[in-house]
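> Build me a model:
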Amino acid sequence: MIKNRSICKFANSDASIGTERLSARTDMPAARPDLTFYVLVCLAAFALATGLATLVGWWAKVPRLTDWIGHGISMFPNTAVAGACTGVALLLVTFRNRACFLIAGCLAIFVAALGAETKVESAKGKV
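Take a look at the predicted model:
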């Protein structure tokens, strides 16, 4: 038997309902995003754009889009896919809902698996 009834009152109160949302305060307007939010969005968009540009370069056979510096070392398509997936995952995280977090997590697992597969290929000497 629970001796302290205040704990039970709190568990049944409206405060416990707010735990399912990211913010329990619905009466206040959303805070203005700070600088780190804008930096995150810009870097995520950059990762997505660079990955997509490299994939377009491979598809259209435009070496300038795969070798940006011009040294003859092109970015591989799997690296471009990983960069684009990372950018999408970071952009999804900014929406702050469970479905986006789930998709971002799946993309992160995909990127990690792609990196592990590349590492195994490198260790076997295929690359």
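> Next, please give the residue ranges for the helices of this protein.
Shown for the chain, the helices assigned by DSSP state H span residues 5-11, 14-17, 35-60, 63-66, 77-93, 98-124.
> residue ranges with poor pLDDT in the protein?
The chain contains residues with pLDDT under 70 at 1-31, 127.
> Tell me who's in contact with the closest residue to Leu55 other than its chain neighbours.
Distances taken as CB to CB, 6 or more residues apart in numbering put Ala80 closest to Leu55, at 4.8 Å, once the chain neighbours are dropped. (Glycine included, C-beta is placed from N, CA and C.) Neighbouring residues of Ala80 by CB atoms under 8 Å, 6 or more residues apart in numbering: Thr50, Gly51, Leu52, Thr54, Leu55, Trp58.
> closest to Gly87 among those?
Nearest to Gly87 out of these is Gly51 (CB to CB; 6.2 Å).
> State the distance from the closest residue to the closest one other than its chain neighbours to Arg98.
Excluding the flanking residues, the one nearest Gly51 by CB to CB, 6+ apart is Ala84, at 2.9 Å. Distance of Ala84 to Arg98, given as CB to CB, to the nearest Å: 23 Å.
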